[in-house]
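J.: Just a sequence and a predicted model for now, questions to come.
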Amino acid sequence: MPGMSRHLKVLEHAALISRTRSGKWRTSHLETAPLREAGDWIDRFRRFWDSSLDRLDAHLAAVQVAERTETKGP
């Protein structure tokens, strides 16, 4: 239980969950707005890297084609 409590404290400090206490019971609630913001941020970088890697793939394919035509010669 102490390990779980530490994890919950980290999530609470990051504002990813909120916690309330009623008697001996503690409830945790997921805060979706920060997760949505993180997902949006990750999605922007995913699109960037997908685009960059697609361009790299096209460039490498063009280089391979050029190398094949050079080695065949006239």
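T.: Arrived safely, thanks for sending.
J.: distance between the longest helix along the chain and the chain's centre?
T.: In the chain, taking DSSP state H as the definition, the longest helix is helix 32-72. Computed by CA atoms, centre = their mean, to the nearest Å, the chain-centroid distance of helix 32-72 equals 15 Å.
J.: what's it packed up against?
T.: Applying 3 or more CB pairs under 8 Å, 6 or more residues apart in numbering; DSSP states H and E, one finds that helix 32-72 contacts no other helix or strand. Placement of C-beta: from N, CA and C, glycine included.
J.: what does stretch 33-51 rub up against?
T.: 14, 15, 16 (CB atoms under 8 Å, 6 or more residues apart in numbering).
J.: what do you get for stretch 9-24?
T.: By CB under 8 Å, 6+ apart, stretch 9-24 touches 8, 26, 27, 28, 29, 30, 31, 34, 35.
J.: Dump those residues to a markdown table, plus pLDDT, neighbour count and distance to residue 52.
T.: Below are those laid out as a markdown table (pLDDT from 0 to 100; neighbours: other CB atoms under 10 Å; distance: CB to CB, whole Å):
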| residue | pLDDT | neighbour count | distance to residue 52 |
| --- | --- | --- | --- |
| 8 | 93 | 15 | 38 |
| 26 | 89 | 11 | 45 |
| 27 | 93 | 10 | 44 |
| 28 | 94 | 13 | 39 |
| 29 | 94 | 9 | 38 |
| 30 | 93 | 10 | 33 |
| 31 | 94 | 15 | 32 |
| 34 | 90 | 14 | 27 |
| 35 | 88 | 13 | 26 |
